[in-house]
Each structure stands twice: as C-alpha cells, then as structure tokens.
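Please work out how this folds:
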Amino acid sequence: MAATGTEKQGSKAYYVTTPIYYVNDAPHLGHAYTTVAGDVLTRWHRQRGEKVWFLTGTDEHGQKIMRTAEANDVTPQAWCDKLVEEAWKPLWEHLNIANDDFIRTTQKRHTDRVQEFVQDLFDKDEIYKGGYEGPYCVGCEEYKLPGDLIEAEDGTKLCPIHKKPVEILKEENYFFKLSEYGPKLLEFYEANPGFIQPESARNEVVNFVKQGLQDLSISRSTFDWGIPIPWDDKHVIYVWVDALLNYATAVGYNENPAKFEETFPANVHLVGKDILRFHAVIWPAMLMAQGLPVPGRVAANGWLMVGGEKMSKSNLTGIKPQDLTSHFGVDAYRWYFLRAIAFGSDGSFSWEDFSARYTSELANDYGNLASRVAAMVGKYFGGELPASTADGDAEKAVHEGLAKAVATADAKIGEELDFQGGILAIFDFVKQVNGYITEQEPWKVAKDESEEGRARLATILYTAAESLRAVAVLLNPIMPETSQALWDSLGAEASLGALAAQPVQSSGTWGQLAPGATVTKGAVLFPRLEEKKD
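Below you'll find the predicted structure:
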C-alpha cells in the first residue's frame with residue numbers, strides 16, 4: 001500500500017476539518033454525514049502512521065442564533081452551551097468520532113484571534129467603511145444576489161436553499177476588498193485544479209469568480225450577538241468571517257506558532273455544497289490578503305435528500321442519527337452513507353435501502369463469512385488456527401486480490417476521498433473470499449483425514465482467517481467497533497499491536513496471523529434485523 005510511513009516529529013500534520021455547525025438546533029443526518037466522512041478520512045491516515053489533526057466544532061454567533069435563543073427565552077450564550085453539551089458533543093461521542101479538537105466560536109481562544117486577524121487586515125488597508133442594501137437570508141447568514149433568489153407563487157422572493165422569504169437590509173458596514181482578489185483566485189484555481197472538488201463544484205466556483213466579485217461586507221450593525229469590531233464596537237464581525245477563521249484559531253494562529261506551523265493550512269476542508277463559495281472564494285482571498293498559505297483542498301459533499309428536498313430542520317426533514325443507530329447499530333450507520341452515496345453527489349436516504357444493504361453486504365457477505373470461518377476452525381481444529389502449508393493457485397489468487405483491494409482502497413479513500421469506491425473495493429475482496437471458500441469446500445476436504453487432506457484443510461482455513469484479519473484492518477476506519485471484535489475473535493497476537501494502531505499498509509503483508517492462535521466465535525458482527533416497529 002502506498003503510504004508515507006511514520007512522520008517525523010515536528011513535520012506538518014494531515015489536517016482535516018468539518019464545517020463548524022450552527023447550534024440553532026440539534027444535529028441531523030446531514031451534519032453527521034460530513035463529520036463521519038472526516039473521521040473515516042483521518043482514521044485512515046492515522047493507520048498509515050501519519051500525524052493527523054481532525055477539527056470540528058460549532059458556529060455560535062450571528063442573527064440566526066440570537067433569534068433562536070430569544071424564541072426559547074434564554075440568552076444566546078446559554079442556548080449555545082445547552083445545545084453543545086447536550087446535543088452536539090454527545091452525538092459525536094455516540095458515533096465514535098475521534099476528533100482532536102472541538103472549537104466553539106464563543107471561546108476566548110477564538111474571539112481574541114479573530115479580532116487580531118481583522119484588525120491586521122484593516123491596518124493593511126484591506127478593509128474600508130461603506131454601506132449596503134440588499135436581500136439577506138438569516139438562515140444562510142448571507143446577502144443574496146438578486147439572480148440567486150427564487151420566486152414564490154405570490155411573487156415573494158425566497159432563499160433557494162431555505163425556501164423562506166429574504167429580508168431587505170440596509171445598514172452601515174465595513175467591507176473587505178474581495179473584488180481585488182478575483183484575478184488572483186482564478187490564477188490559483190488554474191495552477192491548482194484539485195483545489196475544489198468535485199469537478200462540477202470547481203466549475204461553478206470558477207464561473208462565479210469570472211463574473212466579477214463584489215467587495216464583502218464583514219460587519220453587522222443591526223444586532224450585537226457577535227465578536228465586536230476592535231476599532232468600532234458598534235459593529236460585530238460578520239458571522240462567516242468569524243466562522244472561517246476557526247480553521248486558523250483552533251491550531252494556534254497568533255498564539256502558538258509551533259502548533260500553527262506544523263498544522264496550518266488544512267489539507268482538506270470538508271464542506272456542504274451550499275457553503276462552497278465561502279470556503280473556495282472568501283476564505284482563500286482572506287488568507288491571500290494576510291499572506292498566509294491557502295488550504296490544499298475544499299471538498300464539497302452533496303446533500304442528503306428526503307422526499308426530493310435537502311435534509312434540514314427548516315424543511316422538517318431533519319432525521320436524528322440516533323433514530324437509525326438504535327436499529328442498525330453505530331458501525332452500520334457509519335458505513336451506510338459512505339457506501340450508498342458517492343461523496344460529492346446528492347443522495348436520497350431511505351430506510352428500505354439501508355435495510356437491504358445491511359442484510360446483503362454486512363450480515364450476509366461480511367458477518368456470515370466471519371462466523372463461518374470461526375466455526376470451522378473451532379470444529380475441525382479445536383479453535384486453534386492451523387498453519388498454511390499447502391498453498392496453491394487458489395491461495396495466490398486470494399493474495400493478489402488482497403493486494404488489489406489494499407491499493408485501490410488506499411487510493412480511493414486516502415487520496416481521492418472516494419469513500420464509496422474504497423468500500424466497494426474492500427467488499428469485492430470479501431466476496432472473493434466467500435467465493436474461495438465455496439469453491440474449496442472445506443467441509444468436504446475435512447472428510448479426507450490423510451496428511452495431505454489435513455494440510456489442505458488447514459491452508460484453506462488459514463487463508464480465510466488471514467483474509468479476515470486484513471479486512472478488519474481495512475474496515476477499521478469505517479467500522480471500528482466490529483473491526484475490533486473481529487480482530488479479537490481471530491486471536492491476533494499482542495505483538496501485532498492494537499487494531500487502532502495497526503498500520504493499514506500491513507494488511508497487504510500476508511501471514512500476520514500466528515498459527516496456534518485461539519480463534520473464537522464471538523457475537524455475530526451484524527445481527528439479523530428485526531422488522532422495524534412503528
């Protein structure tokens with residue numbers, strides 16, 4: 001497997017971020033989709049032996065948060081504290097999200113640095129005072145261009161994302177000279193064609209910038225829930241400028257130079273496509289203005305759809321992840337959305353599709369394979385893993401199949417962010433091992449009690465068990481709990497290290513399971529689903 005090996009201490013970390021999420025309500029499947037993708041990506045790179053930093057968090061300023069808090073008769077800070085501690089953090093823990101940091105934009109480590117960043121831009125004459133009037137969507141916290149709006153039957157202008165009327169706002173603002181960065185951004189996109197993914201998203205952004213950029217309003221003066229402009233406290237910093245800077249403030253900007261140097265910029269920003277322009281246009285322009293390095297990649301995932309609509313609380317289609325994990329389990333949940341939907345494309349969720357894929361691929365193909373192999377080692381060898389001494393062409397084909405699966409999965413998941421393609425490559429190998437057992441018929445070979453027959457049976461079962469060891473390593477970033485359970489059942493020796501620390505490239509090295517290890521048939525990895533009860 002292509003891998004970088006263990007990074008030298010002090011070298012740049014592989015830095016991945018999710019968006020920081022608005023805390024106007026509890027998280028739904030769409031939030032979890034992006035966060036699980038980031039977790040799988042960073043777990044994969046950790047298993048390569050790389051230094052990794054995975055950041056997520058919450059966006060807690062802005063008019064939308066203020067209005068939500070007022071509607072619930074609490075202060076904005078109290079509302080944010082409640083949602084973060086009772087909804088967001090517990091969900092990430094429930095879903096086995098192994099983030100290295102959780103940033104809140106109300107934390108002093110963030111607010112102080114944001115003021116310093118904006119003050120520095122002001123001192124560099126990158127910010128000026130002006131006024132603005134235009135259609136504003138509170139849900140997006142964004143001024144909309146007239147051409148972006150859709151029209152209701154009664155002629156009311158609506159936000160195309162939230163399907164709610166925009167407000168016409170007129171206020172005094174400070175502006176960032178975004179218009180001056182159009183040519184620089186286009187030059188950067190041309191030199192770095194992989195900066196924006198997928199290709200359709202890149203084309204959208206390039207065309208948008210080619211039309212000419214307007215200067216960006218970076219302050220609001222009609223409400224006060226935000227970070228004050230340091231030189232004019234009648235204004236608060238525009239929530240998107242505040243939010244984007246979390247990617248810098250969380251890793252030591254203007255506070256911990258060593259941490260900042262070894263982490264920033266992000267290798268990958270994972271974002272929803274509805275916030276792509278902020279990350280692919282405004283964010284790199286702000287960094288260019290400050291003389292800071294631009295991120296390696298902005299990867300926009302598609303929308304999860306229910307009934308043809310983007311999943312969201314405002315559309316009444318927000319589904320809690322716990323509604324699914326309570327039935328299918330956390331590991332299956334983590335697997336399903338990355339397996340069923342090509343990352344970067346929109347995808348429709350249905351309970352029926354989840355049930356069908358769970359039964360076919362997890363329970364039948366993968367879980368049943370693990371149970372069969374453990375049962376046969378128990379039945380024919382008393383639970384002691386036999387040595388492989390009679391390898392032939394059939395075993396060579398399995399070895400080659402594993403090497404292909406490892407190389408494909410590493411390229412797809414680790415580099416291309418094609419989670420679906422990587423998972424399919426791993427499960428193609430699972431199918432190959434199932435086919436190998438069917439063709440070799442160990443239950444028939446077991447009837448031959450000669451020395452040659454016993455050697456052949458031992459080889460078949462060792463090959464199957466060693467294949468499962470490799471699959472456990474490959475699937476660990478996606479399904480860590482079941483991978484650990486399978487690892488334990490195979491009796492892998494302590495010298496191989498805990499599965500969480502097992503370098504993923506080792507799955508391409510055949511023969512790591514030690515003959516004589518105790519193989520046990522533990523609990524079924526993916527139990528059969530009961531009919532969903534209403």
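
rest of the way, CA atoms for contacts and neighbours
Fine.

Show me the strands in the stretch 351-500 of the chain, by range?
Ranges of strands in the stretch 351-500 of the chain, per DSSP state E, counting those that start in this stretch: none exist.

Any idea which helix or strand in this structure has the lowest mean pLDDT?
Ranking every helix and strand in the chain by mean pLDDT, DSSP states H and E puts strand 309-310 at the bottom, with a mean of 58.

And the next helix or strand past it?
Of the helices and strands lying after strand 309-310 in sequence (DSSP states H and E), the nearest is helix 321-328.

which other helices and strands contact that following helix?
For helix 321-328, the packing partners by 3 or more CA pairs under 8 Å, 6 or more residues apart in numbering; DSSP states H and E come out as helix 330-340.

Quick check: Glu441 vs Tyr366, distance?
Glu441 is 18 Å from Tyr366, where distance means CA to CA, to the nearest Å.

same check, this time on Lys12
37 Å.

what residues are up against Ala343?
Rather than Ala, residue 343 is Phe. 301-302, 417-420 (CA atoms under 8 Å, 6 or more residues apart in numbering).

okay, the residues you listed in JSON lines with neighbour count and pLDDT next?
Output for those, formatted as JSON lines (neighbours: other CA atoms under 10 Å; pLDDT from 0 to 100):
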{"residue": "Asn301", "neighbour count": "26", "pLDDT": "93"}
{"residue": "Gly302", "neighbour count": "23", "pLDDT": "89"}
{"residue": "Leu417", "neighbour count": "23", "pLDDT": "97"}
{"residue": "Asp418", "neighbour count": "20", "pLDDT": "97"}
{"residue": "Phe419", "neighbour count": "28", "pLDDT": "98"}
{"residue": "Gln420", "neighbour count": "20", "pLDDT": "98"}
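
neighbour count winner among Glu441 and Tyr366?
When neighbours are counted by other CA atoms under 10 Å, Glu441 and Tyr366 differ, and Tyr366 comes out ahead with 21 against 13.

Just confirm the more buried one contacts Asp428, I think it does.
No. Between Tyr366 and Asp428 there is no contact under CA atoms under 8 Å: 10.6 Å.

And Val52, how far from Phe264?
The gap separating Val52 from Phe264 is 12 Å, by CA to CA.

For the two, indicate the residue with more neighbours.
Remark: of Val52 and Phe264, Phe264 carries more neighbours, 25 against 21, as counted by other CA under 10 Å.

OK, contacts around the more buried one?
Phe264 neighbours (CA under 8 Å, 6+ apart): 12, 15, 248, 251, 293.

before we move on, the earlier item: in helices, which of the contacts of Phe343 appear?
419-420 (DSSP state H).

Turn the contacts of Phe343 into JSON lines, columns for distance to Lys129.
Output for the contacts of Phe343, formatted as JSON lines (distance: CA to CA, whole Å):
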{"residue": "Asn301", "distance to Lys129": "36"}
{"residue": "Gly302", "distance to Lys129": "37"}
{"residue": "Leu417", "distance to Lys129": "41"}
{"residue": "Asp418", "distance to Lys129": "44"}
{"residue": "Phe419", "distance to Lys129": "45"}
{"residue": "Gln420", "distance to Lys129": "48"}
